[in-house]
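> Got a sequence here, can you build the structure:
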Amino acid sequence: MLSTMFAGTAQHPRLVLGGAVGVAVGLVGVGLLTAPESDSRHAMPALLSLLGLASAVMALAAWFRARPAAFVVDQRTVAFRTLRWPGHVYNATTAVIFSATQVAFWLSIPDGNQDPAFDDPAWHLQRSILGAMAVVLAALSIVLVLAAWRDIGVQLRPDGLVDRSPLGTLTVPWDALSTDSLPQSQPTATSLLLTYVRPDLVRRHGVPFSRRRIRTDAVNALFLANAIHYYLVNPQHRQAIGTEAEYDDLRSALFRTRPV
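Numbering: from 1, shown residues only. The predicted structure is shown next:
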C-alpha cells in the first residue's frame, strides 16, 4: 500500500502538491466564510491538524525507506538523474497544511472587535504569536513547495555533475574531480563530500545546498558514489551518458565490480 502511494507521488508530485494546497486553502476559505462563533470555524484547526499529522507520518515513512540504487535516463537533458523522492513532496504538503492550521487557529480566536470580553493584552498576544507562526510556516511552505515542484536532485552529465537544490544549482565538471575525490560512503548517507583538484571550475547559481556536498536523499549514496567513480576512472564513457545503452553498461559494471 505504502509503496503504491510513494510510487504514485513520485510520478505525479505536482498533482499531490496541488491537491494539498487546494485542500488547505479551501478549508481556510470555509473558515473565513463561516460566522466567528460557528462550530465549523472552530472545527477547522482540528481537521487541518489531523491532515497535517497524516502528511508528516508519510514524510517520516519516506525518510526511513531504503533509497533506490537507480537513475532515470533523462534524454531531454542528456543525463542520468536521481529519481523524484516522495519525501520532498510530503515535506511540502506537511508545511502547507500546518501553515493553514495556524491560520485556522488564528481565525478561531476572537478579537476585541468581535467580542469586548476578549479585548485584553493576553488575547492580543496570543493572536499575534499565531499570526507570526503562520507567516513563518507560509515562508517555509513556499521553499519546500519549490523543492518538490522543481526537478531537484543529482544529475550525471557528459560534462560533469549537477546538484539541483531548492534554491540553487551546483555544477561540478569532471575535470574538477580526481579519482580519489569520493570517500567511503554508507548507502543511507544523506550527502556525499567532494574533494576538488580544480575548485576554480566549480560553478554555483543561486544558493545551492553546499559547495562541497551533494544531496543523496533520493538515491542510494553508495550507488551514486560508485557511479561517479566509474566515470572518473573511465572518461571514455562520459559522452554516452544519457543513453539507455550506457545505463545498462553502467549498471552491469557497478554491480559486477563495485569500484568504491
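
> now the helices for the stretch 51-200 of the chain?
86-108, 121-149 (DSSP state H, counting those that start in this stretch).

> Val202: which of those is closest?
Smallest distance to Val202 across those (Cβ to Cβ): 21.9 Å, for helix 121-149. Heads up, the C-betas are built off the backbone N, CA and C, glycines and all.

> For that closest one, buried residues please.
Neighbour counts over helix 121-149 (16 or more other Cβ atoms under 10 Å) mark 123, 127, 130, 133-134, 137, 140-141, 144-145, 147-149 as buried.

> Present these as CSV; the columns should include distance to Ile241 and pLDDT.
Listed next are the buried residues of helix 121-149 as CSV, based on distance: Cβ to Cβ, whole Å; pLDDT from 0 to 100:
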residue, distance to Ile241, pLDDT
Trp123, 61, 65
Arg127, 55, 70
Leu130, 50, 72
Met133, 46, 79
Ala134, 45, 77
Leu137, 40, 80
Leu140, 35, 83
Ser141, 35, 84
Leu144, 30, 82
Val145, 30, 84
Ala147, 25, 76
Ala148, 26, 79
Trp149, 26, 79
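
> Distance-wise, check Arg203 relative to Val172.
The gap separating Arg203 from Val172 is 8 Å, by Cβ to Cβ, to the nearest Å.

> of the two, who's got more company?
More crowded of Arg203 and Val172, by other Cβ atoms under 10 Å: Val172, with 25 against 14.

> I'd like the distance between that one and Gly22.
Using Cβ to Cβ, Val172 is found at 38 Å from Gly22.

> I figured Ser191 hits Pro208, correct?
No: assessed by Cβ atoms under 8 Å, Ser191 is found out of contact with Pro208, at 11.9 Å.

> More neighbours: those two, which one.
Shown here are Ser191 and Pro208; by other Cβ under 10 Å, Pro208 has more neighbours (21 against 16).

> quick one, phi/psi of the more buried one?
Main-chain torsions, Pro208, degrees, to the nearest 10: phi -70, psi 170.
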